[in-house]
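>>> Show me the folded form of this:
(one chain, ligands or ions: 3)
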Amino acid sequence: MAIPNMRIPSRQLFIDGEWREPVKKNRLPVINPATEEIIGDIPASTAEDVDIAVKAARRALGRNDWGSTTGAQRAKYLRAIAAKVLEKRPELATLETIDNGKPWFEAASDIDDVVACFEYYADLAEALDSKSKTEVKLHLDSFKTHVYKEPLGVVGLITPWNYPLLMTTWKVAPALAAGCAAVLKPSELASITSLELGEICREVGLPPGALNILTGLGHEAGSPLVSHPDVDKIAFTGSGPTGIKIMTAAAQLVKPVTLELGGKSPLVVFDDIPNIDIAVEWTLFGCFWTNGQICSATSRLIIQDTIASQFLDRLLEWTKNIKISDPLEEDCKLGPVISRGQYEKVLKLISTAKNEGATILYGGERPQHLKKGYYIQPTIITDVDTSMEIWKEEVFGPVLCVKTFKTEEEAIELANDTKYGLGAAILSKDLERCERFTKAFQSGIVWINCSQPCFWQPPWGGKKRSGFGRELGEWSLENYLNIKQVTQYVSDEPWAFYKSPSKL
Ligand SMILES: NC(=O)C1=CN([C@@H]2O[C@H](COP(=O)(O)OP(=O)(O)OC[C@H]3O[C@@H](n4cnc5c(N)ncnc54)[C@H](O)[C@@H]3O)[C@@H](O)[C@H]2O)C=CC1
Ligand SMILES: NCCCC(=O)O
Ligand code: NA
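Ligands and ions are numbered 1, 2, ... in the order given. Prediction:
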């Protein structure tokens, strides 16, 4: 497949079904992390734009062309969006790669997931019609109670940069399926493909105001969205500190939030693995896929001491074999991290690990052959102590730290030794042991004999400092529905709680 060359389309904000210049007319640069060059710009929205977008969303909910649609009618729009995304797959993949830095073939596979997600939520939107009013059986005949599932209202969706269009889709697809009107604020570090989703919605004729897209900085656009009194809910994916800020601001308005935050997930490897190369590859994929910028990365390898030396030797050979290049090259397997800020943050975490006494077994620096771009070698750190920052803090870069264990109890203790609780993985031939670990892992996601595969049907999310709420599957639809119970008195008899006054 020839990778198309692309220029960044120049876009405005997408509000009320059309492109609108931000009130303050500011714009932000778009930087290609592989070249460090400015390749375009995006509009910078502020509180004034947020207010205009929220009003447009509220109007959409009040109009028949969106607010009173059935799930089946909304499904048509979702399927039309899916078809358009598929049609534009090569161009969207290229835009994703030059904006985010992920290898082109990974970006293209993200776009496939976007298509599947919109189609999946179209099916769920259709199915919603038969579930939007259900009777609840009571112990009394004089009353009838029904439960209505209705759109929650205007929802604010705030997304990160590591899977730009996919994380946007994880929120937009279920929100639209539920019949909400959405205001999306993608990350300023990778907004291009989310703006292209606006163009796709315009082309398929999505009713104005159903989806509004405001690019801009977190504190200038995201924060006013969270605090806006006419926004009914916030769904957020990003860092822990920002999640805390969002939850604090939302609490002032008793506004519900779902938070998909960071992680420091373990990968436990036992010496009974049937094939060391299969186990080594899952270990690499679990931490170095997406240029290492995965919220659920299994960035802590916990390996049984009986196999550790042989496993690490093989891990080194596989790691040296990873092709690090411009992500537009066909067989690139590791591109740059998202930004200079992230590049410096990751290198700082590595140097702190060294200063605290850990060993950089491999990597830890800029690859020699790449003088430009925010590239960091895939890095393996050993002689790690549980008191070290590299063991405790999320790196969000291609950095794997390693500890050994002797017994199952020790492995479980090490695996759960984290403030996070997103994912956890175990590689072992003994499936009863895997079952024991599944129960013992303090996480929302468990992988057995693999790491990272993520599908749109099961729930996605964590516990502890990884946040709460679930994305994907039917679970995500619930995030955007209001559950209303309706109780009707169906008897002709008086209620007779009070003594009736003398007859009229
Ligand atoms: N869990 C995940 O999937 C992700 C975790 N991260 C973690 O977050 C760290 C920082 O990355 P960032 O992109 O800066 O994440 P971030 O959490 O700062 O930003 C994520 C989104 O929140 C918005 N935002 C920032 N401050 C806000 C505020 N006060 N109110 C409302 N919205 C706000 C941003 O504009 C962006 O759209 C990374 O180093 C990584 O550790 C980053 C991206 C994804
Ligand atoms: N495979 C999707 C992971 C989602 C995230 O890193 O936020
Ligand atoms: Na960028």
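>>> what's the burial count for the residue in the stretch 351-500 of the chain that ligand 3 sits nearest to?
Among all residues of the stretch 351-500 of the chain, Tyr374 sits closest to ligand 3, at 9.9 Å; criterion: CB to the ion. C-beta here means a position set from N, CA and C on the backbone, and glycine is covered the same way. For Tyr374, the count of nearby residues is 27 (other CB atoms under 10 Å).
>>> Gly335 reaches Asp326, doesn't it?
Yes - here Gly335 reaches Asp326: they are 7.4 Å apart, a contact under CB atoms under 8 Å.
>>> If you count surrounding residues, which of these two has more?
Set Gly335 next to Asp326 and count neighbours by other CB under 10 Å: Gly335 wins out with 30 against 20.
>>> Lys149 and ligand 1, how far apart?
28 Å (CB to the nearest ligand atom, to the nearest Å).
>>> If you could redo that for Cys295, that was the one I meant.
Counting by CB to the nearest ligand atom, the gap from Cys295 to ligand 1 is 3 Å.
>>> How about the contacts made by that residue?
For Cys295, the contact set (CB atoms under 8 Å, 6 or more residues apart in numbering) comprises 160, 162, 237, 260-263, 422, 466.
>>> Intersect the residues you listed with the contacts of ligand 1.
For ligand 1, the contacts drawn from those by CB under 6 Å from any ligand atom are 160, 162, 237, 260-262.
>>> Inside strands: which ones of the residues you listed?
Among the ones next to ligand 1 among the contacts of Cys295, DSSP state E puts 237, 260 in strands.
>>> Generate JSON lines for the ones next to ligand 1 among the contacts of Cys295, with pLDDT and neighbour count as supplementary columns.
Below are these laid out as JSON lines (pLDDT from 0 to 100; neighbours: other CB atoms under 10 Å):
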{"residue": "Pro160", "pLDDT": "98", "neighbour count": "24"}
{"residue": "Asn162", "pLDDT": "98", "neighbour count": "26"}
{"residue": "Thr237", "pLDDT": "98", "neighbour count": "27"}
{"residue": "Glu260", "pLDDT": "98", "neighbour count": "28"}
{"residue": "Leu261", "pLDDT": "98", "neighbour count": "26"}
{"residue": "Gly262", "pLDDT": "96", "neighbour count": "26"}
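>>> Closest to Ala60 out of the ones next to ligand 1 among the contacts of Cys295?
Thr237 (23.8 Å; CB to CB).
>>> Isn't that closest one up against Tyr163?
No - checked against CB under 8 Å, the pair Thr237 and Tyr163 is beyond contact range at 9.1 Å.
>>> low-scoring pLDDT stretches of the stretch 1-150 of the chain, where are they?
Where the stretch 1-150 of the chain drops to pLDDT under 70, the residues are 1.
>>> show me what contacts the residue of it at minimum distance from ligand 2?
Proximity of the stretch 1-150 of the chain to ligand 2 (CB to the nearest ligand atom) peaks at Asp113, 8.3 Å away. Residues counted as contacts of Asp113 (CB under 8 Å, 6+ apart) are 166, 169, 456.
>>> Is there a quick PyMOL command that grabs whichever of these are buried?
A single PyMOL command selects the buried members of the contacts of Asp113 (16 or more other CB atoms under 10 Å):
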select buried, resi 166+169+456
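>>> check contacts around the closest residue to ligand 2 within the stretch 51-200 of the chain.
Ligand 2 sits closest to Asn162 of the stretch 51-200 of the chain, with a gap of 5.2 Å, by CB to the nearest ligand atom. With contact set as CB under 8 Å, 6+ apart, Asn162 has these partners: 100, 290, 293-295, 338, 396.
>>> What of Ser491?
Per CB under 8 Å, 6+ apart, neighbours of Ser491: 141-143.
>>> and these as TSV, adding neighbour count?
Below are these laid out as TSV (neighbours: other CB atoms under 10 Å):
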residue	neighbour count
Asp141	8
Ser142	12
Phe143	12
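>>> So what sits opposite Ile303 in the bridge?
Val269, Thr404 (DSSP bridges).
>>> what about the strands in the stretch 401-504 of the chain?
With DSSP state E, counting those that start in this stretch as the criterion, the stretch 401-504 of the chain has strands at 420-421, 423-427, 445-448, 463-464, 467-468, 481-489.
>>> At the contact with ligand 1, which residues of the stretch 351-500 of the chain appear?
Going by CB under 6 Å from any ligand atom, the residues of the stretch 351-500 of the chain near ligand 1 are 394, 396.
>>> quick one, longest helix in this structure?
Longest helix of the chain, by residue count under DSSP state H: helix 104-128.
>>> tell me the contacts of Thr94?
Here Thr94 is in contact with 3-6, 104, 107, 328 (CB under 8 Å, 6+ apart).
>>> swap the cut-off to 6 Å and go again
Shown in contact with Thr94 (CB atoms under 6 Å, 6 or more residues apart in numbering): 4, 6.
>>> got the phi/psi numbers for it?
Here is the backbone geometry of Thr94 (degrees, to the nearest 10): phi -70, psi -40.
>>> Test my guess that Trp460 contacts Gly469.
No - with contact defined as CB atoms under 6 Å, Trp460 does not count as touching Gly469 (9.8 Å).
>>> higher neighbour count, these two?
Trp460 (23 against 20).
>>> can you tell me how far the more buried one sits from Ile234?
17 Å (CB to CB, to the nearest Å).
>>> cool, Cys287 as well?
30 Å.
>>> follow-up on the earlier one: the following helix or strand past the longest helix of the chain pairs with which strands?
The first helix or strand that comes after helix 104-128 along the chain, using DSSP states H and E, is strand 133-136. Sheet pairing of strand 133-136 (DSSP bridges) gives strand 143-151 (antiparallel).
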